[in-house]
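>>> predicted model follows, preceded by the sequence.
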Amino acid sequence: MPTIDGERLFIISPEVLIKSPALAKSQVKDRIVSRRFPLDQIRNIAIIAHIDAGKTTITERILYYTGRTYKIGAVDEGTAVMDWMEQEKERGITITAAATTCYWQEHRINIIDTPGHVDFTAEVERSLRVLDGGVVVFDAVAGVEAQSEAVWRQADRYNVPRICFINKMDRVGANFDRSLYMIEDRLNAKPLPVQLPLGSEASYEGIIDLVENKAWSFDGSPDSEPLEVAIPESEQVICSKFRQELIEKLAEIDDQIMAAYLRGNSITASELRPALRRVTLANKGVPILCGSALRNKGIRLLLDAIVSYLPSPLDMPPVRAIDTRVGTEVTRPVKDEAPFSALAFKVVSDPFMGRLVYLRAYSGRVEAGAQIFNATRGKKERIGRLLLMHANYREEIVEADTGAIVATLGLKNTFTGDTLCHPSQPVLLESIRFPQPVLSIAIEPRTRADQDRMGEALNKLTQEDPTFKVEFNQETGQTVISGMGELHLEVLVSRLLREFRVGAKVGKPRVAYKETITIPVRAEGKFIRQTGGHGQYGHVCLELEPVERGSGFQFVDRTRGATVPKQYIPATESGIREAMETGVLAGYPVVDIKVSLYDGSYHEVDSSELAFKMAGSMGLKNGVMKAKPTLLEPIMKLDIVTPEQFLGDIIGDLNSRRGRIEAIETHGEWCTIHSFIPLAETFGYATSIRSLTQGRATHSMEFFQYQELPTELADEIKIVGRK
C-alpha cells in the first residue's frame, strides 16, 4: 500500500495509479491525495425527494462548498455535474443515480444523488439499500408531495436514518409550518425542527439555529461566509417556544435529556446535539433544517448536520448474511480486519471504460487485482481496477475498505443485487427487490445490421436497469420492451437510438395487463404419447384458488403416498410456471393464484420429467379456463397540484378517464387532488393537463395496484390480444 511518512494514500489522481510505497513527496504534490479516514468519520448518504424539489441543486452546492468543484453547476442550464447524461441535460431532471465523494470537517461524505421521478424508482431503491443515511428534500411551497411519500416509504423499508431539508424558503407561498405539519401527518414521522427560517418568501435571509440559539444571515453569494446576527425581537418568542418544544420532544424519546429535564437543568447545545444524533440513529425522530439552495442559503449548515446527525458505518448494525456452506445466518462486523463482503448495487455500460459494477463494501477490504467470490452466482471473479466515482468522472484507487462505495472493472458475471465476498468465507447478503414493469412497447430493427446491434444494446440496458425487461413474442415476431412508465421507456429508447446508434422503429405504448382467476376449481392434466420405444406419461390433479391481489404465485405439494414421485414434482411446478406466462384470455401472464398438487399417477417406464412438465402445463390451462378468468389492469396513484380556477376542468377530465378522486386538499389558491386512474387512460396526460391549466398544474404518478378490468373493456382487450 502506498505511504508518505508512514501514512497510507487512499485517493489517487485520475492521471496515475501510484504503486510504489517508496513514493517521494515531490511526485504527488500536484495530485489529489488524501489520508484514509477512520470509519466513524465516513458518511454514506442519499439525497432523496420528489421531482423538482432541488436535490441536484443542493448536491451541486455541497460539491462547491466542500471544494470538490470550482464552479457551481445549474440544472436549468444543463451544466450540473451530477446530471451528466444528455437526456438529463435536455430534460432538466435526474434520471440515473450519480455517486460522488467530498470532504467536510475531517469527514469523508459519499453521496448518491437520486432521481425524483416515479419512473426511475429503482434508482432510489438500490441506493437506499446500500446507504446508511438520507437527506430528504421538500419544496417549501408544495410540502410533502406524492413521490416524497414514496421515497419515505422506501427509506422506512430499509430503516435508513434521515434528516429533512425544507428547500426554496425564498419562493412565494413558502410555508415552513405547513411543511412540518405535512411531514408529521402524511409521513407519520416525528419532526424535530432544529432550525427556523429568518424571514419568509422574498424577505427570507437566513436561519435561526435552535440548538445553538443563534441566527445566521446569508447574502446569497456562494463565496460569502454566514454572518451571525442577533435574533430579532419579533422572533424571540416563537424561537423560545420552538426550542422548548424541541427539548420536550427529545425528553419523550431520549433518557438522558429526560433525566436533565426532570432535574430542571438548563439543556445546553452540547447536550442537545448528541441527543439529536441518538434519536436520529434510532429512527425515533427527524431533524428538520431549512434554506434556499439556489440562493446558497443554509447549505454549509446542512453539511454540519450531515456530519453531526447521520450515521457512520460503525453506527449501523453488523450486516446479516447467510453462510452458504452451512445455510445458517452469520454477521459480518463493520471493520477492515473482517472477511470481505460487499453488495453490487448497480451496473453501468460506460462507452469508454466498459462494464462498471458499483459496490458497497460492508466488511473487510479488497485490493485491485484481488480474486473474490460471487456467492449469488457461485463463480469466482477478479477485481480489475478500482474507481472512486465523481458522477461520470473517475479517480483510481488501489484499495476499497469497509464502508467504501466504489466502482470496479473486470467483473463479467456480476449483476445488480449480487454478493461479493472472500473466496474462503462465502456469504450471501440480502439482495434488492424491484417493482415489476407496467408499460410495454414493441420495437424492431430497421436493418439486419441494426438487429445485431439492438440485441447487444438491449442486453446492456437490462443489466443496468432491473426494471427494464425485454421479451421476444414468438407469435408476432416482435421484440417487446417493458418499463415503469412513458418517460422511462422514452429515455431508454432515446439511449438506444443515440448512445448505441441502433436504427429502430418503435410502436405505441401497451399496458401490461395480467390475468387471474375468480373462483376455486379442480383440474386435471394428462400427457400421454406412445411411440415405437418408450412413450411419455404424466398425470397430475391440481386445485386452483385465487389469492389476495399482489400475492403472486404459490405452489403447494399435497400429494400423499407415491401417487406422484417426488422427482417429478419440480418438473410439474416448472410446467405450471411456464403455462402462467401466457394466459387463456388474451395471452397475458396469470398472477395471484395458488396451485395445489393433490393427486396424480405415473408409469414406471414411460413417466419422465418432460411428461410431468407438460401435464402441469396442461392442467394449469384447463383449470384457468374453468375458474372464470378475468383481466387485471394497473392502477396508478395520481396527485395533481393546480390553481383552484382549473379544479372543475381537471375533475371533469379525470372522470372521463375512469379516474376516482380520493381527496382534495386546499391551501391558499392552490388545490391538491389525490386520485387513482387506470394506466391505460394516462397516455398523453402530461400534454392534456398542460392545455387544461395553461401549463400551471403539475402532476405525479406512481403504481398503486392491479384491479379487475370492467367487463366491456375486457372484451375489447381479449379481441386485441388474440390478433
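Received the coordinates, thanks.
>>> what helices or strands is the lengthiest strand in the chain leaning on?
In the chain, with assignment by DSSP state E, the single longest strand is strand 630-643. Identification of packing neighbours for strand 630-643 by 3 or more C-beta pairs under 8 Å, 6 or more residues apart in numbering; DSSP states H and E yields strand 514-516, helix 647-656, strand 670-678, helix 685-693, strand 698-708, helix 711-722. Quick note: C-beta positions are derived from backbone N, CA and C, even for glycine.
>>> how about the strands of the stretch 301-450 of the chain, start to end?
319-323, 328-332, 341-350, 354-363, 366-367, 371-374, 379-382, 386-390, 393-397, 399-400, 405-409, 419-421, 427-429, 439-445 (DSSP state E, counting those that start in this stretch).
>>> list of residues touching the first one?
Outside strand 319-323, the residues that touch it by C-beta atoms under 8 Å, 6 or more residues apart in numbering are 328-332, 334, 341, 362-363, 419, 425-430.
>>> out of the residues you listed, the closest to K526 would be?
Ranked by distance to K526 (C-beta to C-beta), the contacts of strand 319-323 are led by L428 at 40.0 Å.
>>> neighbours of the closest one, just the number please.
If you count neighbours by other C-beta atoms under 10 Å, L428 ends up with 17.
>>> for it, name its beta-bridge partners.
L428 has these beta-bridge partners by DSSP bridges: I322.
>>> gap between it and T331?
As judged by C-beta to C-beta, to the nearest Å, L428 and T331 stand 13 Å apart.
>>> try D219
Relative to T331, D219 is positioned 50 Å away (C-beta to C-beta).
>>> repeat that for P466.
The value you get for P466 to T331, if C-beta to C-beta is used, is 27 Å.
>>> more neighbours, those two?
A count of neighbours by other C-beta under 10 Å puts P466 above the other of P466 and T331, at 20 against 13.
>>> from what I see, that one and T121 are in contact.
No. Taking contacts as C-beta atoms under 8 Å, P466 lies outside contact range of T121: 11.0 Å.
>>> in the chain, where is pLDDT below threshold?
1-35, 75-78, 83-85, 87-94, 118, 473-477, 532-533, 718-723 (pLDDT under 70).
>>> biggest helix in it, by residue count?
helix 233-253 (DSSP state H).
>>> picking that back up, pick the most buried one from the helices and strands packed on strand 630-643.
strand 514-516 (a mean of 23; mean count of other C-beta atoms under 10 Å).
>>> show me what that strand is packed up against.
strand 630-643.
>>> the strand it packs on to helix 647-656, inter-axis angle?
170 degrees (axes from the mean of the first three to the mean of the last three C-alpha atoms, to 10 degrees).
>>> may I have strand 630-643 as CSV, with CA atoms only?
In CSV, the C-alpha atoms belonging to strand 630-643 read as follows (Å, rounded to 0.1, in the frame of the first residue of the first chain):
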residue,chain,number,x,y,z
THR,A,630,-60.6,-12.1,-15.7
LEU,A,631,-58.3,-9.4,-16.8
LEU,A,632,-56.4,-7.1,-14.4
GLU,A,633,-55.2,-3.6,-15.3
PRO,A,634,-52.6,-1.5,-13.5
ILE,A,635,-54.0,1.4,-11.5
MET,A,636,-51.8,4.5,-10.9
LYS,A,637,-51.9,6.8,-7.9
LEU,A,638,-52.2,10.3,-9.5
ASP,A,639,-51.6,13.5,-7.5
ILE,A,640,-52.3,16.9,-9.2
VAL,A,641,-51.4,20.3,-7.8
THR,A,642,-53.4,23.0,-9.6
PRO,A,643,-54.6,26.6,-9.2
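>>> how far away is the closest residue to I306 other than its chain neighbours from I661?
Excluding the flanking residues, the one nearest I306 by C-beta to C-beta, 6 or more residues apart in numbering is R43, at 5.8 Å. R43 sits 42 Å away from I661, going by C-beta to C-beta.
>>> who's more crowded, the two?
R43 (26 against 16).
>>> which strands or helices does whichever strand or helix holds the more buried one pack on?
Using DSSP states H and E, the secondary-structure element containing R43 is strand 42-49. Applying 3+ C-beta pairs under 8 Å, 6+ apart, one finds that strand 42-49 contacts helix 55-65, strand 107-113, helix 121-130, strand 133-139, helix 146-157, helix 299-309.
>>> circling back to that earlier point, T687 versus the residue nearest to I306, what's the distance?
42 Å.
>>> V624 now?
39 Å.
>>> report the buried residues of stretch 317-334.
Using 16 or more other C-beta atoms under 10 Å as the test for burial, stretch 317-334 gives 319, 321-322, 324, 330, 332, 334.
>>> kindly apply the preceding question to stretch 376-396 instead.
Buried-residue list, stretch 376-396, by 16+ other C-beta under 10 Å: 376, 381, 383-391, 394-396.
>>> ok, of the residues you listed, which one's closest to I677?
A391 (35.6 Å).
>>> residues contacting the closest one?
Applying C-beta under 8 Å, 6+ apart, one finds that A391 lies in contact with 81-82, 84, 98-100.
>>> mind putting those residues in a markdown table, distance to A260, secondary structure and neighbour count included?
Putting these into a markdown table (distance: C-beta to C-beta, whole Å; DSSP: H, G, I helix; E, B strand; the rest coil; neighbours: other C-beta atoms under 10 Å) gives the following:
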| residue | distance to A260 | secondary structure | neighbour count |
| --- | --- | --- | --- |
| V81 | 44 | coil | 22 |
| M82 | 42 | coil | 28 |
| W84 | 49 | coil | 16 |
| A98 | 43 | strand | 25 |
| A99 | 40 | strand | 21 |
| T100 | 39 | strand | 23 |
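>>> am I right that A174 is in a strand?
No. Applying DSSP: H, G, I helix; E, B strand; the rest coil, one finds A174 to be coil, outside a strand.
>>> now it, nearest residue through space, not along the chain?
A140 (3.8 Å).
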